[in-house]
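*Asks:* no sequence on this one, just coordinates:
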């Protein structure tokens, strides 16, 4: 059986008030810098990483399936047919 009071105590110890001063808006900083650079006619250099920070799950799944199929086909080719033993 579950000991709900133990889990409730754990959750209660993890709950904190949200303090927005602990976080900085990096996007806003970058936009303001780009605007200021543009105002003084400086060349705007994109220093942000434009690569996505997520994994394409469908592509990963398709690659996994393809490698599994290739491995199973290779294993099928390696297998030699076994001779059946006849018992009299």
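*Replies:* Noted; the coordinates are in hand. Quick caveat, the model's predicted, so the values are computed rather than measured. Residues are numbered from 1 along each chain as shown.

*Asks:* Provide the secondary structure category for residue 24.
*Replies:* coil (DSSP: H, G, I helix; E, B strand; the rest coil).

*Asks:* how many other residues sit next to it?
*Replies:* Other residues lying near residue 24 total 9 when counted by other Cβ atoms under 10 Å. In short, each C-beta sits where N, CA and C put it, glycine included.

*Asks:* roughly how far apart are it and residue 34?
*Replies:* The gap separating residue 24 from residue 34 is 17 Å, by Cβ to Cβ, to the nearest Å.

*Asks:* can you check residue 75 too?
*Replies:* Counting by Cβ to Cβ, the gap from residue 75 to residue 34 is 55 Å.

*Asks:* more neighbours, these two?
*Replies:* residue 34 (15 against 9).

*Asks:* The more buried one in helix, strand or coil?
*Replies:* Residue 34 is classified as helix under three-state DSSP.

*Asks:* so where's the longest helix in the protein?
*Replies:* Identified as the longest helix of the chain according to DSSP state H is helix 57-78.

*Asks:* where does this protein have its least confident helix or strand?
*Replies:* Every helix and strand of the chain was ranked by mean pLDDT, DSSP states H and E. The lowest is helix 57-78, at a mean of 83.
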